[in-house]
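Asks: curious how this folds, go ahead:
(2 chains)
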There are 2 protein chains.
Amino acid sequence: MDVWGDCFTIAKWQQYVAETLESAGSTPVFNINPKDVREFDAIFLGGGAAGRFGAAYLRALGGRVLIIDRWPFLGGSCPHQACVPHHLFSDCAAQLMLERTFSGQLWFQQSKDKTVSIKSIIEFFRRGRVGPHAVMNYQSKEQLGLEFVLNAQPAIIDVHTVQVGDRQFHAKNLVLALGAKPLEPGMPGSQLKGVFNSQTLVENLDFEPGNTAVVIGGGKSALEYGCFFNATGRRTLVVARHQIMPMLKDAESRAYAILMMQEQGMEFLENAEVMEIQGDAQGRVRSVSIKTSEGITHVDTDFVFMGLGELANSEQITQTLDLQKDDKGFIKVNRRMQTSIPHVYAVGDVTGPPMEMFKARKEGVCAAKNIMGQTSEYKAADYPDFMHTHYEVCWLGLSEEEARQRYANVKVMKLPPDNPNGLDVGLPAGDRMMLYLMAKPRMSGFQKLIIDGDTRKILGAFHIGYGAKDGFQYLNYLVKKGLTIDDLADMDELFISPSYFIQLCRLRAGDPHFNDM
Amino acid sequence: MDVWGDCFTIAKWQQYVAETLESAGSTPVFNINPKDVREFDAIFLGGGAAGRFGAAYLRALGGRVLIIDRWPFLGGSCPHQACVPHHLFSDCAAQLMLERTFSGQLWFQQSKDKTVSIKSIIEFFRRGRVGPHAVMNYQSKEQLGLEFVLNAQPAIIDVHTVQVGDRQFHAKNLVLALGAKPLEPGMPGSQLKGVFNSQTLVENLDFEPGNTAVVIGGGKSALEYGCFFNATGRRTLVVARHQIMPMLKDAESRAYAILMMQEQGMEFLENAEVMEIQGDAQGRVRSVSIKTSEGITHVDTDFVFMGLGELANSEQITQTLDLQKDDKGFIKVNRRMQTSIPHVYAVGDVTGPPMEMFKARKEGVCAAKNIMGQTSEYKAADYPDFMHTHYEVCWLGLSEEEARQRYANVKVMKLPPDNPNGLDVGLPAGDRMMLYLMAKPRMSGFQKLIIDGDTRKILGAFHIGYGAKDGFQYLNYLVKKGLTIDDLADMDELFISPSYFIQLCRLRAGDPHFNDM
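Replies: Sure, this is the predicted structure:
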């Protein structure tokens, strides 16, 4: 199907994507400008975060670019199987926590002992996910003027030639933006029905899980999905080989985040390992065996979730191109995103962690610049980060511990403040709903600012609650530029803001030797 | 009662505040350092946003300061009758909109035709509001070392002398931080039972309103409370003398915000006026008469809300001090916060609009600096702003219309983009819950960036959705410093962020002559 020149509305794309996904049809859609006789400056294999942004940037720089993607939509796995469903499920977790906290009070229904259907939430997502796909196709075609081939299985002929069906495309450069997929550990029983990762959960869940979920892993994905399962009313046991939540370096913030998960009933087994998943006669999960420091323990469950990290989608391409990879299969690139083969670039998750959107997109942009003759280097550094529990946990810069190792005069400002009543107080009210403040004060959030008392510069910021994520993007940029408490004190706060950083600084900024607060 | 030297825990303050509010006892609590023999540099009359922050700053600068407040807590009306309950009610509105949208789907209860009790939400707030009071008292006393007298009715002896009970306090300066209160229009029937403003609603509501609410006013307070009443399931009619929502200058953003309110069933009568509120034999509201361009219309209701702006708390003080006021009763100050009487300063709402937290606090800080010999001027300018509907509506800088008047080459980036399907699309998903994206696409939010295409500087930003408020604080600071789309494109976004400003800029930043998007 050729679509160049036809205006595809968002509604039309939505219909096309939905039908193509359901029919599993293999007819590619070609959006190629027949009047542009230039050779392509680059072909991007993969139109996800890295590929789509890289291609858009290359086009904006005046080059000609083609994206080829296996899906019938641009945007990649994010809106289909990854970030978007994860955000939806985390939203559900937050909402369900709210409803349980207020069960039977005000207008809230009785929900204390109810179990919510995971299957129906996933089916709800599966039905609705084509909306963002359609917007991104529309934006890419009508607004960005991108050329692309979708729903395609490309064959790599050589580094300058890619074939789709009987059509060959030539380009000066090839950019591999192939993404990654959840790691599949080879433990006994990992192939049983009832064992999922984030991708297969969305695609394959076809039964209602029972009342116990076992989650393997202690990182972002494990905890985010674990909190969701817990919020649906299921016993949720997280089994981590080492510590859970290791990425949150500030000990106090981490302790708060973990305490809040425990308050919701999450169970954690650290320094523990799932040895085997046992199945029944029908090949369905029946139980798991877990090795802890105290011996082997067995847990009955029909639902196991693997949150163990990502594997590069590099196997297929390296059958054709002799690319250097690291020991985990990620394609090696230099800071210009060049692989070991001239004219072949790689960007995004396929080059390894951090598996974050900004990193993928900026690598795409970096490759585009280099291809178009603008020397550009990129390496992710000093970026803000976040994850979901039932809350949103955001952080940037140094933890208190890291700051104290590097600076002699570290000051800390936080809410709740250190006080004899601990966390059981009515502020910061930085949570999703101010209702919490009135009902269960200890759940009203935690926020912390780490400051160099000598230069008055902000070194780190932590926020456990809700509504600070958007701000952390800008705050991190400012912190990298040397933001001080005096700068913060001079800002105009939008009261009641989820984070009280401006306010906390203003209360102290008059004092050249301000104290912790 | 003298409390200096005793450590009052947050729990102890909570108990004290709750008991004092209930007993309506008039015993002041004195927190005065008996060992400090210095004269006070200033006495702040009022310990709300302006007074507490001004006093804290003055103390941080090394001065001695006393706060005297009529309440048994510091923090002023905000956590007691104003910002905090308004946020709570707006949170309830957002939550109720969610529940109605998903009524009977997934785990949501049937709520389509249910009416939620306003009285029980207000009673819930009234029971819980002492939590933040206690934190602020603790913070002020133990962390900031402030001296104060609470639960006090001070008498102004002269500009240097204030008396509480039989104790006189002397200071070099007096700072009036007396706040404001809702305007009480004198229309016939405005004294009937069932007529409320934001303050009296929280304090006095003692019956369950019927199924129709009439809201008088078209500004922030009127719409914020109106949306809450509407979300509880009541017919809500907003009667505005001119246009509603005049503060949101960007026409397209304003139209979106109004459309979303209408979608929830809000009714607006613009260029209309409530002529009279009729009562029954028991002195309760029975109906209102409204004059519109089409004549007089009558609406049966037992519940009228006045959201008509603020009146300075200046009557009492001007009986003692001959202060210059403007025609609305606000105390006149220069940019140093000095009134017409030497050594008397005024800060916060008592000096007039904008009635915002940052303005009150920064005026307090400005007065503190001048009192301590640091010449300082302040005038609110170029600040970010927001209001609640069922959403959070944030804005900063110029509207598209204002920008086009001043700049020759204005570019606009927005989500949803201009497209043949209008707003009925699945992005930006900038709403409180990603669930909306799947169920009712048009409700997924609206965001817009106004840019000078020549300098590439950001001129304005608008966000209707949720979760961008914290970010607008920092974004406004950056915009004032000349933030460009290239700066934004270079930031590290926390995906999925509620606002897509960074992403939208990155998609276009490669192009020196980028287009609208």
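Asks: count of neighbours near residue A:284?
Replies: If you count neighbours by other CB atoms under 10 Å in any protein chain shown, residue A:284 ends up with 14. For glycine as for every other residue, the C-beta is placed from the backbone atoms N, C-alpha and C.
Asks: do the same with residue A:353
Replies: With other CB under 10 Å as criterion, residue A:353 counts 13.
Asks: state the mean pLDDT of stretch A:423-435.
Replies: Here stretch A:423-435 scores 87 as its mean pLDDT.
Asks: ditto for stretch A:450-461
Replies: 98.
Asks: tell me which residues form a beta bridge with residue A:43?
Replies: Beta-bridge partners for residue A:43, by DSSP bridges, are residue A:66, residue A:174.
Asks: that one against residue A:69, yeah?
Replies: No: look at residue A:43 against residue A:69 with CB atoms under 8 Å: they stay out of range, at 11.2 Å.
Asks: toward the C-terminus, what is the element adjacent to whichever helix in chain A runs longest?
Replies: Counting residues, the longest helix found in chain A (DSSP state H) is helix A:83-101. Using DSSP states H and E, the helix or strand that follows helix A:83-101 in sequence is helix A:118-128.
Asks: which other helices and strands contact that following helix?
Replies: helix A:83-101, helix A:198-204, helix B:435-439 (3 or more CB pairs under 8 Å, 6 or more residues apart in numbering or on different chains; DSSP states H and E).
Asks: let's see it at 6 Å
Replies: helix A:83-101 (3 or more CB pairs under 6 Å, 6 or more residues apart in numbering or on different chains; DSSP states H and E).
Asks: now the helix it packs on: buried residues?
Replies: A:83-101 (16 or more other CB atoms under 10 Å in any protein chain shown).
Asks: sorry, back to before: right, is the longest helix of chain A up against chain B?
Replies: Yes: judged by CB under 6 Å from any CB of the partner chain, helix A:83-101 comes into contact with chain B at A:83, A:87, A:88, A:91.
Asks: which ones are touching the last one?
Replies: With contact set as CB atoms under 6 Å, 6 or more residues apart in numbering or on different chains, residue A:91 has these partners: B:433, B:434.
Asks: ok, 8 Å please
Replies: B:433, B:434, B:435 (CB atoms under 8 Å, 6 or more residues apart in numbering or on different chains).
Asks: residue ranges in the stretch 351-500 of chain A under the pLDDT threshold?
Replies: For the stretch 351-500 of chain A, the stretches with pLDDT under 70 are A:440-441.
Asks: how does it look with 90?
Replies: For the stretch 351-500 of chain A, the stretches with pLDDT under 90 are A:421-427, A:429-433, A:436-444.
Asks: can you pull out the strands in it?
Replies: Per DSSP state E, counting those that start in this stretch, the stretch 351-500 of chain A carries strands over the ranges A:385-388, A:392-397, A:410-415, A:446-452, A:458-465.
Asks: wait, which of those is closest to residue A:260?
Replies: Smallest distance to residue A:260 across the strands of the stretch 351-500 of chain A (CB to CB): 7.2 Å, for strand A:458-465.
Asks: the closest one pairs with which strands?
Replies: For strand A:458-465, pairing defined by DSSP bridges yields strand A:392-397 (antiparallel), strand A:446-452 (antiparallel).
Asks: Serialize those to TSV and add fields for mean neighbour count.
Replies: TSV is the format used below for the strands paired with strand A:458-465 (neighbours: other CB atoms under 10 Å in any protein chain shown):
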stretch	mean neighbour count
strand A:392-397	26
strand A:446-452	25
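Asks: any chance of a markdown table for those, columns distance to residue B:201?
Replies: Output for the strands paired with strand A:458-465, formatted as a markdown table (distance: least, CB to CB, whole Å):
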| stretch | distance to residue B:201 |
| --- | --- |
| strand A:392-397 | 31 |
| strand A:446-452 | 30 |
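Asks: helices or strands up against the helix or strand of chain A with the lowest mean pLDDT?
Replies: Least confident element among the helices and strands of chain A, by mean pLDDT, DSSP states H and E: helix A:435-439 (a mean of 83). Other helices and strands packing on helix A:435-439, by 3+ CB pairs under 8 Å, 6+ apart, are helix A:83-101, helix B:83-101, helix B:118-128, helix B:130-138.
Asks: closest to residue B:290 out of those helices?
Replies: Between residue B:290 and the helices and strands packed on helix A:435-439, the shortest separation by CB to CB is 22.0 Å, and it involves helix B:118-128.
Asks: now do the longest helix of chain A, average pLDDT.
Replies: 96.
Asks: quick one, that helix and helix A:130-138 angle?
Replies: 150 degrees (axes from the mean of the first three to the mean of the last three CA atoms, to 10 degrees).
Asks: now the residue nearest to residue A:250 when sequence neighbours are not counted: how far from chain B?
Replies: Spatially, and ignoring its direct neighbours in sequence, residue A:250 is nearest to residue A:399 (3.7 Å; CB to CB, 6 or more residues apart in numbering or on different chains). Residue A:399 sits 18 Å away from chain B, going by CB to the nearest CB, to the nearest Å.
Asks: ok, residue A:399 - contacts?
Replies: A:249, A:250, A:251, A:253, A:450, A:460, A:462.
Asks: now do residue A:21
Replies: A:72, A:130.
Asks: quick check: which element contains it?
Replies: Applying DSSP H and E, one finds residue A:21 within helix A:10-23.
Asks: also residue A:299?
Replies: With DSSP H and E as the test, residue A:299 turns up in strand A:295-300.
Asks: mind giving me the packing neighbours of that strand?
Replies: strand A:212-216, strand A:285-292.
Asks: if we compare the ones you listed, which one ends up closest to chain B?
Replies: strand A:212-216 (16.8 Å; CB to the nearest CB).
Asks: number of nearby residues for the residue of the stretch 301-450 of chain A found nearest chain B?
Replies: Proximity of the stretch 301-450 of chain A to chain B (CB to the nearest CB) peaks at residue A:426, 2.4 Å away. Neighbours of residue A:426 under the rule other CB under 10 Å: 25.
Asks: not counting sequence-adjacent ones, nearest residue to it?
Replies: residue B:131 (2.4 Å).
Asks: enumerate every residue touching that neighbour.
Replies: Contacts of residue B:131 (CB under 8 Å, 6+ apart): A:425, A:426, A:427, A:437, A:438, A:441, B:14.
Asks: would CSV of these with distance to residue A:378 be doable?
Replies: Listed next are these as CSV, based on distance: CB to CB, whole Å:
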residue, distance to residue A:378
A:425, 43
A:426, 44
A:427, 40
A:437, 42
A:438, 47
A:441, 44
B:14, 52
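Asks: out of the residues you listed, grab the one that's most surrounded.
Replies: That'd be residue A:437 among the contacts of residue B:131, by other CB under 10 Å, with 28 neighbours.
Asks: wait, that residue touches residue A:428, no?
Replies: No: the pair residue A:437 / residue A:428 is not scored as a contact, 9.0 Å apart, by CB under 8 Å.
Asks: quick one: the most centrally placed residue in chain A and residue A:73, what's the gap?
Replies: Geometric centre of chain A, nearest residue: residue A:83, 5.1 Å, by CA atoms, centre = their mean. Residue A:83 sits 14 Å away from residue A:73, going by CB to CB, to the nearest Å.
Asks: repeat that for residue A:502.
Replies: Residue A:502 is 41 Å from residue A:73, by CB to CB.
Asks: just to revisit the earlier point, intersection of neighbour lists for residue A:437 and residue A:428?
Replies: By CB under 8 Å, 6+ apart, the residues touching both residue A:437 and residue A:428 are residue A:444.
Asks: picking up where we left off before, tell me which of the contacts of residue B:131 is nearest to residue B:281?
Replies: residue A:438 (37.3 Å).
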